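# Here is my input; please provide its structure:
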Amino acid sequence: MDQASEIRDKLDIVSLISEYIPLKKAGRNYRANCPFHNEKSPSFMVSPERQIWHCFGCQKGGDAFSFLMEYENMEFPEALRTLAKKAGVELKNYRFDNEAYSEKEKIYRLNRQALKFYQYVLLKHPLGKKALSYLTDKRKISEKLIETFSLGYSPESGSALSSYLIKKKGYKKQDLYSSGLSLELSGRTVDFFRGRLMFPLTDHRGNVVGFSGRILDDNSDTSKYINTKETPVYHKGNLFFGMDSAKEEIKKLQQAIIVEGEFDAIACFKEGIKNVIAIKGTALTENQAALLSRFTPKVTLCLDMDSAGFEATKRSLPILEGKGLATTIVIIPDGKDPDEAIKNDPASFKKALKEDIGVYDFLIEKLTKENNTKSAEGKKKITDDLLPLFSSISNEIVKEHYFKKLSKEIDISFDSLTRQAEKFPKEKKDQEIVSSTAPQRKRREMLEEYILALVIQAKDINRALDEANVALAEFTFENQSYQKIFEFITKIAKMADISAKKIAAGLPKELEVSFDTCSLLPLSEFGEEQYYQEIKKAGSELFVINLREKLKVISKDLEKNSENEEELLRLNKEFERLTALLPRSKQS
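I've put the predicted structure just below:
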């Protein structure tokens, strides 16, 4: 047994998935709304017996490794390490030959080496003295906080990091280019970040995926911040600064406070406000909102009180609303950003955090103050800004509340506002479960899957099989995989302790996918006797469908063989025999 199999055997997939989404018992299995696509009815199923999961909406599925890789956007090596730790298995010389895995793993290791290098330069080397003074004297950030956030400094010399990684650590130039740490300039390998404060960018699992570099001179014409270029592990719209250190506090307080800059997040942390993360960019993305929704039901925006911050708030709202996140906003006192406000009066800032208000209330108040609520032009400006946002509110009660509030504030009827709102283009929502667009399956196909699922998931498989065999006399599954599985179960049915797990253990590998689908198919709740009656009912319907299909084939054959008396006689006898079976099948 290899170590991946050992880990898989030691883990309970129900316990693992329950750490990420709530599961509810459903017969032998567990079910939930799928975390990988939007759906109203749960179609995500987990089998504790088979230690597998499958979504009947988006068709994704697999084992513990595939779930973690899909949910956390991990590659296999990282999933292996994570699950090995959970299972208490020590990995020994596990090799990863896949080039894609190797590249990402190499970038993580390179970034970790770069982080140590930058931090050493800042805290221990004379080249970092000016940057350290900037942080401790001007920004009032202690060395302890510097270590907490792993801040560093990139020397101004052109290739200090590159030389260190190539000569001391044995990396190749191409590795440095792929990671975004270095670039080729006039045939030379030079550092991408030079003469900047370095903020490591980590994902919520603690992997260093990239860096953000800030200049020391605020009056310089150079870009204040530059970030790692897009790499296989770094995508700006997927993460927040500080998420790794803030996520536990966010889960504990059920609230995430979002600020705009790294220094804003650090200033809050210094004051004991530890559920704070910083956005990289001007507005939230779908991926960031999805990440937040896993840790908290509430988001509090604490952005700069300028036009850019206001526009970022408006752009972020539909995205947050789409993930079901309640959103509030903080009116920052005595300064344009949290860092400045905390320097001026930390007590006032903390008070403002406690007095956060609903973001829609804030927008109504702000826009009605800035525009003439008595003029047609002012009312148009207000409604052009607000109605598209109100229309994206998913809760109809909340939506009506704000339409009525706006109606009162600008003296326009509720009906006029809702009619005008309908004219705005609707935000494109994520596709619901695939059933709405997928081709319609034949009744026979669905029933074959259903009756086999009833047999496999039964408490007493032998009894279920007996009921199915009686109902399905002279029946052959159209789906060859289902026919082979049914024959295999019938063959081993003499075992007193037959179970789905033992059936799966003996099945040919090519039948595993079909078997897993049936073992996870969502079934209604039945009483014990009602369950076996359901097998009879499904079997009887299949029996009739099968007979009618055979009779149609014979009818066509009769037409084709009208001049062959011997064949006509045979076909007529078979037609009469099958026809005689129809009344029995209807009565069963």
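# hang on, Arg31 in a strand?
Yes. Counting by DSSP: H, G, I helix; E, B strand; the rest coil, Arg31 is part of a strand.
# partners of it in the sheet?
With DSSP bridges applied, Arg31 shows beta-bridge pairing to Lys24, Met45.
# wait, it sits on Val46?
Yes. At 7.4 Å, Arg31 counts as touching Val46 under the criterion of C-beta atoms under 8 Å. Quick note: C-beta positions are derived from backbone N, CA and C, even for glycine.
# of those two, who's got more company?
Val46 (24 against 20; other C-beta atoms under 10 Å).
# hang on, isn't that one packed against Ile21?
No. Val46 is beyond contact range of Ile21, at 9.6 Å (criterion: C-beta under 8 Å).
# care to break the protein down by domain?
3-87, 101-234, 359-421, 443-587 (automatic domain parsing).
# Now do the shared contacts for Val46 and Ile21.
Both Val46 and Ile21 are in contact with Ala32, where contact means C-beta atoms under 8 Å, 6 or more residues apart in numbering.
# low pLDDT regions in the stretch 351-500 of the chain?
Counting by pLDDT under 70, the ranges of the stretch 351-500 of the chain that qualify are 425-440, 496.
# where along it do the strands fall?
Taking DSSP state E, counting those that start in this stretch to define them, one finds strands in the stretch 351-500 of the chain at 357-358.
# which secondary element of the chain has the worst mean pLDDT?
helix 565-587 (a mean of 65; mean pLDDT, DSSP states H and E).
# circling back to that earlier point, closest to Gln255 out of the domains of the chain?
Across the domains of the chain, Gln255 has its closest neighbour in domain 359-421 (13.7 Å, C-beta to C-beta).
# And the domains of the chain: which comes nearest Asp334?
domain 101-234 (16.5 Å).
# how far does that closest one sit from the chain's center?
Centre-to-centre, domain 101-234 and its host chain are 29 Å apart (C-alpha atoms, centre = their mean, to the nearest Å).
# from here on, count from 777
Got it, first residue is 777 now, which makes that one domain 877-1010.
# Could you pull up the mean pLDDT of that domain?
Here domain 877-1010 scores 93 as its mean pLDDT.
# State the distance from Ser1189 to Pro1164.
According to C-beta to C-beta, to the nearest Å, Ser1189 stands 19 Å off from Pro1164.
# and for Arg807 and Val822, which residues touch both?
The contact lists of Arg807 and Val822 share Leu799, where a contact means C-beta under 8 Å, 6+ apart.
# The domains of the chain into TSV, with extra columns for distance to Arg1091?
Shown next, in TSV, are the domains of the chain (distance: least, C-beta to C-beta, whole Å):
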stretch	distance to Arg1091
domain 779-863	21
domain 877-1010	20
domain 1135-1197	10
domain 1219-1363	38
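# Isn't Ile1265 up against Ala1276?
No. Applying C-beta under 8 Å, one finds Ile1265 not in contact with Ala1276, separated by 9.5 Å.
# Now do the shared contacts for the two.
Common neighbours of Ile1265 and Ala1276 (C-beta under 8 Å, 6+ apart) are 1232, 1237.
# When the two are compared, which one has more neighbours?
In terms of neighbours (other C-beta under 10 Å), Ile1265 is the more surrounded of Ile1265 and Ala1276; the figures are 23 against 20.
# give the contact list for the more buried one.
Ile1265 neighbours (C-beta under 8 Å, 6+ apart): 1231-1232, 1237, 1241, 1274, 1279.
# From these, pick the one nearest Ile991.
Closest approach between these and Ile991, by C-beta to C-beta: Ile1232, at 64.0 Å.
# From Ser823, how far off is that closest one?
10 Å.
# any idea how far the closest residue to Asn1120 other than its chain neighbours is from Phe1125?
Nearest residue to Asn1120, sequence neighbours excluded (C-beta to C-beta, 6 or more residues apart in numbering): Asp1110, at 4.2 Å. In this view, Asp1110 and Phe1125 are 8 Å apart by C-beta to C-beta.
# Overlap in contacts, those two.
With C-beta under 8 Å, 6+ apart, Asp1110 and Phe1125 have common neighbours Ala1117.
# ok, the two, which is more surrounded?
Legend: neighbour count by other C-beta under 10 Å for Asp1110 and Phe1125, higher for Phe1125 (25 against 13).
# Need the contact partners of whatever helix or strand that one lives in.
Assignment of secondary structure by DSSP states H and E places Phe1125 within helix 1122-1130. Contacts of helix 1122-1130 with the rest of the structure, by C-beta under 8 Å, 6+ apart, involve 1033, 1047, 1049, 1076, 1078, 1106-1110, 1114, 1117-1118.
# Buried subset of the residues you listed, written for PyMOL?
PyMOL command restricting these to the buried ones, with burial defined by 16 or more other C-beta atoms under 10 Å:
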select buried, resi 1033+1049+1076+1078+1106+1108+1114+1117+1118
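# In helices, which of the contacts of helix 1122-1130 fall?
Counted as lying in helices by DSSP state H, out of those, are 1114, 1117-1118.
# Closest to Glu1176 out of those?
Pro1114 (33.9 Å).
# The closest one: what's it in contact with?
Residues in contact with Pro1114 (C-beta under 8 Å, 6+ apart) are 1035, 1040, 1043-1044, 1078, 1108, 1125.
# To be precise, which single item in the residues you listed has the lowest pLDDT?
Comparing pLDDT over those, the lowest score belongs to Ile1108 (88).
# Tell me which of Ser1189 and Pro1164 has more neighbours.
Ranked by neighbour count (other C-beta under 10 Å), Ser1189 and Pro1164 place Pro1164 first, with 18 against 9.
# Apart from its chain neighbours, what residue comes closest to the more buried one?
Nearest residue to Pro1164, sequence neighbours excluded (C-beta to C-beta, 6+ apart): Phe1200, at 4.6 Å.
# Give me the number of neighbouring residues for the one you found.
Number of residues near Phe1200 (other C-beta under 10 Å) recorded here: 15.
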